[in-house]
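# Any chance you could fold what I've pasted below:
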Amino acid sequence: MAKVVVGKTSDIPEGKMTHVTAGGQEVLIANVGGNYYATGNICTHAGAELHEGELSGGELICPWHGSKWDVTTGDLRWFPQKLKPLGSFKVIIENETVYVEV
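This is a model prediction of the structure:
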């Protein structure tokens, strides 16, 4: 596993998200209630970049077709068909720097 710098905690205020490409993977990082979570950034339905969607609490809504994801786990919350999970990554905070392990 590689530890990759995402940015400072102040770069991702509560209720916001960002994304990075790390280790050949697209990763979305979200701040939910002051806690940081990381999931895959590509919707497993049609390939939308999820950081362009909407974050409402711990729910991430795909910008293309409205699938709803649990940003804390990467699991699907709602969609008319079953989709593969986004997966999740470990987030580490050290001295106000946000890292993700990929």
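# excluding its backbone neighbours, what's nearest the residue nearest the centre of the chain?
Centroid-nearest residue in the chain: Leu28, 3.1 Å away (criterion: CA atoms, centre = their mean). Among residues not flanking Leu28 along the chain, Asn41 sits closest, at 4.0 Å (CB to CB, 6 or more residues apart in numbering). The way it works is simple: take the backbone N, C-alpha and C, and place the C-beta from them, glycine included.
# next one: Ser88
Distances taken as CB to CB, 6+ apart place Gly74 nearest to Ser88, at 4.3 Å, with adjacent residues excluded.
# Return the backbone torsion pair for that neighbour.
phi 90, psi 10 (degrees, to the nearest 10).
# same check, this time on Thr9
For Thr9, the backbone dihedrals (degrees, to the nearest 10) come out as phi -60, psi -30.
# Let me know whether it touches Ile93 as I believe.
Yes: with contacts counted by CB atoms under 8 Å, Thr9 reaches Ile93, the gap being 6.4 Å.
# if you count what's nearby, which of the two comes out ahead?
Thr9 (16 against 13; other CB atoms under 10 Å).
# Can you check the pLDDT for the more buried one?
pLDDT, Thr9: 98.
# and it, how far is that from Asn35?
Distance, Thr9 to Asn35, by CB to CB, to the nearest Å: 11 Å.
# What of Gly53?
Note on Gly53: its distance to Asn35, by CB to CB, is 19 Å.
# measure the residue nearest to the centre of the chain to Ala48 for me?
Per CB to CB, Leu28 is found 11 Å from Ala48.
# swap in Ile61?
The value you get for Ile61 to Ala48, if CB to CB is used, is 10 Å.
# swap in Tyr36?
Taking CB to CB, one finds Tyr36 at 22 Å from Ala48.
# go on, Gly15?
Gly15 is 20 Å from Ala48, by CB to CB.
# One more: Lys90?
24 Å.
# between these two, which one's more packed in?
More neighbours surround Ala48 than the other of Lys90 and Ala48, with 17 against 12 (other CB under 10 Å).
# Lovely, talk soon.
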